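take this sequence and fold it.
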Amino acid sequence: MREMRMKNRQRDEAFAWEVLGQSVYATLALVKDDGTPIAVPINAVGDDVYKVIYFHCAGVGEKWEILEKNPQVSLSVVSHAAIKPMAFSTAYRSARFNGRAEVVTDEGEMVKAMMLLCQHFDPKNMGNFAREMEHCTARVVKIIPEEITGKENM
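Numbers count the residues shown, from 1 in each chain. Predicted structure coming up:
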C-alpha cells in the first residue's frame, strides 16, 4: 500500500474491499494510445475470495479498444460522500485499485462474475438470473489489483 500524505486518513486493504462492496458505481480510468486519459463510470463488484474485481461491458467500443491495447487501469470507488457543514470539508469513504484488466474467457468464471454483479445490484431479482443469462451478450472483464489504497475522512 502506498503511503499517503495525510496518514490519519489512510486505511488498509480490507477497508478498500469493504468500500468496493458498499459502492453503487465505480469510475474506471484508462489511457488511450496517444496518452489521453479517459474515465468512465461502470458497475463493478469484488470477489473477496480471489481478490479480483469484475465488471461487464459490450465487448465493442472505445473502452474495449483501449483495454485491448493497454490493460493498465485504475478503479476509483466511493461508498460515502457528504458535505461537512461549517468545516469546508467532505466526509467520505473511498478506495482506489490500480492494476491490470483481463477479459474473462472461462465460461464458469464468467457466470460466477455475472452472478456476483447481479447479486450486488439486484439481489431480489436472482430468480430471473438463469433466464437473463440465456440472452446475455455482455463480456466480463476482471481487474487484478496490483496496488490498493483506502481513504476515509468522517
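
now Pro41, what are its backbone angles?
Dihedral pair for Pro41: phi -70, psi 140, per degrees, to the nearest 10.

isn't Asn43 right next to His56, touching?
Yes - at 7.3 Å, Asn43 counts as touching His56 under the criterion of CB atoms under 8 Å. In this view, the C-beta of every residue, glycine as well, is placed from N, C-alpha and C.

okay, now the residue nearest to Val140 when sequence neighbours are not counted: neighbour count?
Spatial nearest neighbour of Val140, chain neighbours left out: Val104 (4.2 Å); criterion: CB to CB, 6 or more residues apart in numbering. The criterion is other CB atoms under 10 Å. On that basis, Val104 has 19 neighbouring residues.

surely Val104 and Val141 touch.
Yes - if you go by CB under 8 Å, Val104 and Val141 touch, sitting 6.7 Å apart.

state the mean pLDDT of stretch 138-151.
For stretch 138-151, mean pLDDT rounds to 96.

which ones are touching the residue nearest to the spatial centre of the chain?
Closest residue to the average C-alpha location of the chain: Ala44 at 4.1 Å, with CA atoms, centre = their mean. Applying CB atoms under 8 Å, 6 or more residues apart in numbering to Ala44 gives the contacts Leu20, Ser23, Tyr25, Ala26, Leu28, Ile53, Tyr54, Phe55, Leu75, Val77, Ile143.

farthest pair within those?
Spatial extent of those (CB to CB) is set by the pair Tyr25 and Ile143 at 14.8 Å.

on that earlier part again, can you say which of the contacts of Ala44 are buried?
Among those, those buried by neighbour count (16 or more other CB atoms under 10 Å) are Leu20, Ser23, Ala26, Leu28, Ile53, Tyr54, Phe55, Leu75, Val77, Ile143.

nearest to Gly127 among those residues?
Nearest to Gly127 among those, counting by CB to CB, is Tyr54 at 21.4 Å.

that closest one belongs to a strand?
Yes - Tyr54: assigned to a strand according to DSSP: H, G, I helix; E, B strand; the rest coil.

okay, now the unreliable bits of the protein?
Within the chain, the stretches with pLDDT under 70 are 1-6, 8.
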